[in-house]
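Peer 1: Provide a 3D model corresponding to the input given below.
(one chain, ligands or ions: 1)
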Amino acid sequence: MLCNQFNLSRPRNVDVSNAASTSYSAPKLGRTGRHGRQLIWMDLSLRLKCHRQILALCATLKADTAPSISATQQNATAISATFQEPRGSIRDNTGRLMLRNLTLQELQEWLISVGERPNRAEQLFRWLYGKNAWIRDISEAKDNGFAFSKVFKEKVITSASLSGGLTLQSVRTAQDGTKKLVFALNQGEGSAMGTVETVLIPMPNKNGINSRYTACLSTQVGCAMNCQFCYTGRMGLLGNLTTAQIVEQVVEARRMLSQEASDSAGASEIPIGNIVFMGMGEPLHNYNALLAAIDILAEGLCLSRSKIIVSSVGLVPEIRSFLDTKKAKLAVSLHATTDEVRDWIVPVNRRYPIKELISLLQGYFPMSNAKQSNTSDKFVVIEYVLLRHINDTAEDAVRLSDLLKDVYCMVNLIVFNPHEGTQFKGSEEESVKTFRSILVKAGKVCTVRVSKGDDTMSACGQLGDLGSSPRLAPLLQPPEKFRKYLNSAIDPEKEVELWK
Ligand code: SF4
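Peer 2: Residues are numbered from 1 along each chain as shown. Purely as a prediction, here's the structure:
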């Protein structure tokens, strides 16, 4: 794991400590008997009393038998020397490769292709993502531990860029401490344009002190899924973020938090401990960029994969592929208990109806998982937004319990956060309590998500900028039974205009 290997001064060819531990074992050395090394070892081990001499000999034997390249290099020899660009839009408008788009392995491939040692990839990763490094330019990589040669730096400057493809434009802090970061996408450094938003949600410890943040990341500008209660969905899809632009949201957030700590003398930096892909966009609709970003978050920024949650609205084939990769945890936004309602408020349900989605989850998260010792990555999070009089009745709660009876899951209820122009309202407190208690009685773990940041439009479903969208996504015709109620909530004059 790279995050444990950021000691750049370790020997490149011979690991003496490891040689010592393996060479003390006669049976292992015995396997080299064809060359007579077992005899040499037995003879010498009797004669040599000095521990340092034994270590030196072991190192020699190890070097003799082991390949003369490091583990990283061994890895890379299996990699093709020709660099295949892994995803689209990974060059800037001057044709330079944007290195922040590359995973560690892809960076190794690129280094080999330009005649460099692949273990430079680890060094570069340290500078790009290591704590308090976060360089923007290769010239900033100067340190006592090691420094890149002038030749190498020139090579990077001419052929590659360290830009993350976005620039922090503004930060708004809500009363509860939630921070909304707005980023402008750099022209020519990805296929999408406009702005994206990231939210840092404070996570207080048991003493009420904010001890870490959860970062809610965006993967797209706007979203194609058109969930009817979602502000981002109304924008329609304006473009996909690159891997670099996804990862850079965290890097920029860390830069900002580090700066905040140094500005307030004595304060220690509040870390980002969890990542949720619940910002703008459907993450699995930008699948390849997402997977590479998760690898970089785990290998470069050293975030535990069990603390990274990808939330999907229900793209069944992509969910299946994603679960097979085991790269991070999954949350599924269900939001309704009948196809009639889900077809309306989560239109992707028309392609992948509830039954198909639940059956997939039953296969990957059977209730038998609950009996396993380490269950942290064995359950799926089910998200359910509570919309007043739409999906929050006791009958809905009973149906939801029934749908999930064979799925090992945790249900996260989210009271709807209103935004301008919406036809929905959040559920009343009594309905939330009743809904939750029905699920709990049915044996489900069920939490109610505390809404944070809604005074700065940072809460769930409130991200985006409708003004940047040339054409808003349509509001869909509700099922007949809800029209009367919704009509009373909106201006009847606008009904025809609203529902397409
Ligand atoms: S809820 Fe998520 S998937 Fe649905 S429109 Fe909003 S951003 Fe897209």
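Peer 1: From now on I want contacts and neighbour counts done on CA atoms only, so please keep to that.
Peer 2: OK.
Peer 1: The closest residue to the ligand within the stretch 301-450 of the chain: neighbouring residues, count only.
Peer 2: Residue of the stretch 301-450 of the chain nearest the ligand, by Cα to the nearest ligand atom: residue 313 (5.2 Å). Using other Cα atoms under 10 Å, residue 313 has 24 other residues around it.
Peer 1: Residue 333 is in contact with that one, correct?
Peer 2: Yes: using Cα atoms under 8 Å, residue 313 is in contact with residue 333, at 4.8 Å.
Peer 1: what helix or strand is the residue of the chain found nearest the ligand on?
Peer 2: Here the chain gets closest to the ligand at one residue, residue 233, 3.5 Å apart by Cα to the nearest ligand atom. Assigned by DSSP states H and E, residue 233 belongs to helix 231-234.
Peer 1: what does the next helix or strand after that helix contact?
Peer 2: As assigned by DSSP H and E, the chain's next helix or strand after helix 231-234 is strand 237-240. Outside strand 237-240, the residues within contact range by Cα atoms under 8 Å, 6 or more residues apart in numbering are 191, 192, 193, 219, 220, 221, 222, 223, 224, 281, 286, 469.
Peer 1: pLDDT (mean, whole number) over the helix or strand just after strand 237-240?
Peer 2: Using DSSP H and E, the helix or strand that follows strand 237-240 towards the C-terminus is helix 243-263. For helix 243-263, the mean pLDDT works out to 95.
Peer 1: do the same with stretch 465-477
Peer 2: Rounded mean pLDDT across stretch 465-477 is 85.
Peer 1: and what of stretch 391-405?
Peer 2: When pLDDT is averaged along stretch 391-405, the result is 98.
Peer 1: ok, residue 401 touching residue 442?
Peer 2: Yes: in this structure residue 401 lies within contact range of residue 442 using Cα under 8 Å: 6.3 Å.
Peer 1: Among the two, which residue is more densely surrounded?
Peer 2: The neighbour comparison of residue 401 against residue 442 (other Cα under 10 Å) goes to residue 401, with 21 against 16.
Peer 1: Show me the domain layout of this structure.
Peer 2: 2-68, 74-161, 166-498 (automatic domain parsing).
Peer 1: can you tell me which of the ones you listed the model trusts least?
Peer 2: Among the domains of the chain, domain 2-68 scores lowest, with a mean of 37.
Peer 1: all helices of the stretch 401-500 of the chain, in order?
Peer 2: Secondary structure of the stretch 401-500 of the chain (DSSP state H, counting those that start in this stretch): helices located at 429-441, 480-489, 495-498.
Peer 1: For the stretch 201-350 of the chain, which residues are neighbours of the ligand?
Peer 2: Within reach of the ligand by Cα under 6 Å from any ligand atom, the stretch 201-350 of the chain has these residues: 223, 225, 226, 227, 230, 232, 233, 280, 281, 282, 313.
Peer 1: can you do 8 Å?
Peer 2: Applying Cα under 8 Å from any ligand atom, one finds that the stretch 201-350 of the chain approaches the ligand through 222-234, 278-282, 312-313, 333, 346.
Peer 1: Shouldn't residue 202 be within a strand?
Peer 2: Yes: assessed by DSSP: H, G, I helix; E, B strand; the rest coil, residue 202 belongs to a strand.
Peer 1: Give the bridge partners for it, please.
Peer 2: Assessed by DSSP bridges, residue 202 has beta-bridge partners residue 213.
Peer 1: Around the ligand, which positions in the protein sit nearby?
Peer 2: Taking Cα under 8 Å from any ligand atom as the contact definition, the chain meets the ligand at 222-234, 278-282, 312-313, 333, 346, 461.
Peer 1: Helices - which of the residues you listed land there?
Peer 2: Members of the residues of the chain next to the ligand lying in helices (criterion: DSSP state H): 231, 232, 233, 234.
Peer 1: which ones are touching the first one?
Peer 2: What that stands for is residue 231. 419, 461, 462, 463, 464, 466.
Peer 1: Contacts only, for the closest residue to the last one other than its chain neighbours.
Peer 2: Closest residue to residue 466 in three dimensions, ignoring its sequence neighbours and counting by Cα to Cα, 6 or more residues apart in numbering: residue 235, at 5.5 Å. Residue 235 is in contact with 222, 223, 464, 465, 466, 468, 469, 471, 472, 473, counting by Cα under 8 Å, 6+ apart.
Peer 1: Distance check, residue 235 against residue 464.
Peer 2: 7 Å (Cα to Cα, to the nearest Å).
Peer 1: Centre-most residue in this protein?
Peer 2: residue 294 (4.5 Å; Cα atoms, centre = their mean).
Peer 1: ok, that one to residue 318 distance?
Peer 2: As judged by Cα to Cα, residue 294 and residue 318 stand 15 Å apart.
Peer 1: Residues contacting stretch 285-304, please?
Peer 2: So stretch 285-304 is contacted by 1-3, 87, 101-104, 125-126, 128-131, 219-220, 240-244, 246-247, 273-274, 283-284, 305, 308, 318, 327-328 (Cα under 8 Å, 6+ apart).
Peer 1: Narrow those residues to just the buried residues.
Peer 2: Buried subset of the contacts of stretch 285-304 (neighbour count, 16 or more other Cα atoms under 10 Å): 3, 101-104, 125-126, 128-130, 219-220, 240-244, 246-247, 273-274, 283-284, 305, 308, 318, 327-328.
Peer 1: Strands of this protein, start to end?
Peer 2: Ranges of strands within the chain are 97-98, 160-161, 166-173, 179-185, 195-204, 210-216, 220-222, 237-240, 272-277, 308-312, 329-333, 380-386, 409-415, 445-449, based on DSSP state E.
Peer 1: who wins for proximity to residue 369 among the ones you listed?
Peer 2: Nearest to residue 369 among those is strand 409-415; the distance by Cα to Cα comes to 9.8 Å.
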